[in-house]
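Using only what follows, build the 3D model:
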Amino acid sequence: MLTARELPSLSGSELDALFATAPAGEIPIGKGRGQALMATGSFASRPLVALVRLLAWQGKEFDGSTHSLRNLISPFGVRAISADVYVDASRLDGRPCIVLDYSKTSRLAKWIRDEIREIEPGLYVGLVYVRSRRAPIRFALEFAPSGDAARQSATEVAGARIR
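Residues are numbered from 1 along each chain as shown. Have a look, this model is predicted:
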């Protein structure tokens, strides 16, 4: 079983392969501890993960009732930069993924679209798109184990929200 701690040591192509072979998974609810995965597979990756978490981005908090999220930013975990959350086809391979869409919810990030898939229970890998182009950054979100009622199946949501 792969853990969040192991992700920074993987190469970018290995992370992309994990994303490509994973199912969409369940749309998470609650706080996900984030890792900005930059310079993965290198000696610099772990220090960058720690630095970004400390100073800039700590993760995302998902609200199942509104199908939205807010990013947790700054050393204080301020809830800011919201996104709509729904299931749609991935820009990478056309298969279902969970989309984090900032186009209608944020002036600051309106050109950003994140896509996540669940690679292990409660562990997601994400790709970032800027103006429809893949950005060279990936990220991970790790959610505390919870019961089935705490998360909503992506397939349940797909019927109502797929675009």
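
Surely residue 122 and residue 145 touch.
Yes. Applying C-beta atoms under 8 Å as the test, residue 122 and residue 145 come out as touching, 5.9 Å apart. All C-beta atoms are positioned from the backbone trio N, CA, C, and that covers glycine.

more neighbours, these two?
Neighbour count, other C-beta atoms under 10 Å: between residue 122 and residue 145, residue 122 has more, with 19 against 7.

And the strands in the protein?
Secondary structure of the chain (DSSP state E): strands at 26-27, 30-37, 57-63, 68-73, 78-89, 96-101, 112-120, 123-130, 133-143, 152-153.

Would you mind giving these as JSON lines with mean pLDDT and mean neighbour count added?
Listed next are those as JSON lines, based on pLDDT from 0 to 100; neighbours: other C-beta atoms under 10 Å:
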{"stretch": "strand 26-27", "mean pLDDT": "95", "mean neighbour count": "22"}
{"stretch": "strand 30-37", "mean pLDDT": "98", "mean neighbour count": "21"}
{"stretch": "strand 57-63", "mean pLDDT": "98", "mean neighbour count": "21"}
{"stretch": "strand 68-73", "mean pLDDT": "98", "mean neighbour count": "21"}
{"stretch": "strand 78-89", "mean pLDDT": "98", "mean neighbour count": "18"}
{"stretch": "strand 96-101", "mean pLDDT": "98", "mean neighbour count": "23"}
{"stretch": "strand 112-120", "mean pLDDT": "98", "mean neighbour count": "21"}
{"stretch": "strand 123-130", "mean pLDDT": "98", "mean neighbour count": "21"}
{"stretch": "strand 133-143", "mean pLDDT": "96", "mean neighbour count": "18"}
{"stretch": "strand 152-153", "mean pLDDT": "48", "mean neighbour count": "16"}
